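Novice: Have a look; sequence and predicted model below, questions after that.
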Amino acid sequence: MNFNTQDCTAIITGASSGLGAEFARQLAAKARTMVLVARRLEALEVVKAELVSRHLNLNVHLVAADLSTAAGRAMLTDWVRQSACQPNLLINNAGLGDYGMLASATQERLQAQIDVNVSALVLLTHALHPQLQANAPSGVINISSLASMIPMPELAVYAASKSFVTSFSEALAVELEPQQIHVTCVCPGPTPTNFSKTARRKDGSDTDRNGQDLLRIPSAQVVAEALAGLRAGRVCVFPGLGVSIAGPLFRMIPLALLRWVLRRRFNKGRLRYA
Ligand SMILES: NC(=O)c1ccc[n+]([C@@H]2O[C@H](COP(=O)([O-])OP(=O)(O)OC[C@H]3O[C@@H](n4cnc5c(N)ncnc54)[C@H](OP(=O)(O)O)[C@@H]3O)[C@@H](O)[C@H]2O)c1
């Protein structure tokens with residue numbers, strides 16, 4: 001099943017920066033209407049101004065909502081139901097990470113990762129499913145991560161939350177296919193956005209960046225490959241050459257070997273920081 005973005009009505013979460021803003025830019029030439037969602041209205045307004053200055057016929061609506069809360073999610077779904085907009089593309093992109101060990105994390109950051117990366121993605125998809133079904137053929141893009149392929153000490157909750165997204169998306173793709181709703185899960189590697197700035201803790205805790213340069217590609221390429229994957233009916237997209245090799249490879253590593261590598265990498269990192 002293929003999805004055509006021509007004249008689509010897209011809801012993009014996390015559209016105030018990074019990959020979400022880039023999805024808006026790349027869809028703008030084809031979409032009829034876009035609903036951009038994030039907490040920071042002023043940042044959304046900057047994105048909107050750029051889009052409407054280049055695409056005069058494009059309708060852009062902004063919804064400022066904290067998707068980590070039930071009230072924020074209801075604000076978006078109520079807005080969609082009450083507006084005349086008929087979405088046929090949902091891009092679940094909002095997300096955040098938290099670099100460092102579990103023991104030194106704050107409860108708020110741990111909860112926020114689960115609430116945004118997991119709960120918001122599932123509950124928005126569920127709440128907006130009637131609209132996606134009514135306007136089919138439709139598409140759902142779920143932004144997961146290469147981190148969903150392996151457990152990641154010092155990024156444990158984030159990687160686990162993205163494993164959830166990848167697994168959920170694979171199952172959902174099967175469930176929704178008969179309804180002509182195509183689901184594409186995107187697993188980017190490290191991408192220059194505001195992600196690291198948000199994920200870095202005040203105490204300086206960071207993640208091990210060894211090997212990341214081989215996987216890093218610009219956000220424009222991540223989004224172009226994600227949209228091409230959706231159009232081509234692909235269920236899982238690993239953007240960039242390095243990630244397209246690493247992702248499937250990580251899946252094949254025997255668990256005993258993976259545990260050995262993770263422990264070794266973690267202990268080397270500890271020595272470096274000691
Ligand atoms: N960059 C990477 O290396 C990388 C790699 C793999 C996967 N990803 C995934 O890509 C997605 C986009 O991240 P990014 O890299 O573009 O990072 P980013 O520049 O930090 O963007 C994150 C977006 O999520 C929004 N957001 C965060 N918390 C929110 C909340 N409670 N309610 C509503 N919106 C919220 C932010 O908007 P506000 O702050 O305005 O609310 C922002 O628009 C995430 O799911 C991330 O996990 C990123």
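Specialist: Noted; the coordinates are in hand.

Novice: quick one, phi/psi of residue 13?
Specialist: Torsion angles at residue 13 (phi, psi; degrees, to the nearest 10) stand at phi -90, psi 150.

Novice: Once you drop chain neighbours, what's closest to it?
Specialist: Distances taken as Cβ to Cβ, 6 or more residues apart in numbering put residue 94 closest to residue 13, at 4.0 Å, once the chain neighbours are dropped. Where C-beta positions appear, they are placed from N, C-alpha and C, glycine not excepted.

Novice: cool, and residue 157?
Specialist: Distances taken as Cβ to Cβ, 6+ apart place residue 113 nearest to residue 157, at 5.1 Å, with adjacent residues excluded.

Novice: immediately after whichever strand or helix holds the one you found, which helix or strand?
Specialist: Using DSSP states H and E, the element containing residue 113 is helix 107-113. Proceeding N to C from helix 107-113, the next assigned helix or strand is helix 121-134, under DSSP H and E.

Novice: How far off centre is the following helix or strand past that following helix?
Specialist: Moving toward the C-terminus from helix 121-134, the next helix or strand (DSSP H and E) is strand 138-143. Relative to its parent chain, strand 138-143 has a centroid offset of 10 Å by Cα atoms, centre = their mean, to the nearest Å.

Novice: Tell me who's in contact with residue 230.
Specialist: By Cβ atoms under 8 Å, 6 or more residues apart in numbering, residue 230 lies in contact with 3, 5, 139, 141, 182, 184.

Novice: run the last query once more with 6 Å
Specialist: 3, 139, 141, 184 (Cβ atoms under 6 Å, 6 or more residues apart in numbering).

Novice: Could you tell me which ranges of the protein sit under the pLDDT cut-off?
Specialist: Across the chain, the ranges flagged by pLDDT under 70 are 1, 205-210, 270-274.

Novice: Show me what from it comes close to the ligand.
Specialist: 14-20, 38-40, 43, 66-68, 93-96, 116, 143, 145, 188, 190-191, 193-195, 198 (Cβ under 6 Å from any ligand atom).

Novice: Can you flag which of the residues you listed belong to helices?
Specialist: Within the residues of the chain next to the ligand, membership in helices is found for 18-20, 43, 195, 198, as judged by DSSP state H.

Novice: Can you tell me which of these is closest to residue 85?
Specialist: Of all these, residue 20 has the smallest distance to residue 85: 17.8 Å, by Cβ to Cβ.

Novice: thinking the closest one is in contact with residue 95, fair?
Specialist: No: taking contacts as Cβ atoms under 6 Å, residue 20 lies outside contact range of residue 95: 9.3 Å.

Novice: circling back: whichever of the residues of the chain next to the ligand end up buried, select them in ChimeraX.
Specialist: Only the buried entries of the residues of the chain next to the ligand go into this ChimeraX selection, using 16 or more other Cβ atoms under 10 Å:
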select :14,15,16,17,18,19,20,38,43,66,67,68,93,94,95,96,116,143,145,188,190,191,193,195,198
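
Novice: Quick check: closest non-adjacent residue to residue 215.
Specialist: Spatial nearest neighbour of residue 215, excluding adjacent residues (Cβ to Cβ, 6+ apart): residue 189 at 3.5 Å.
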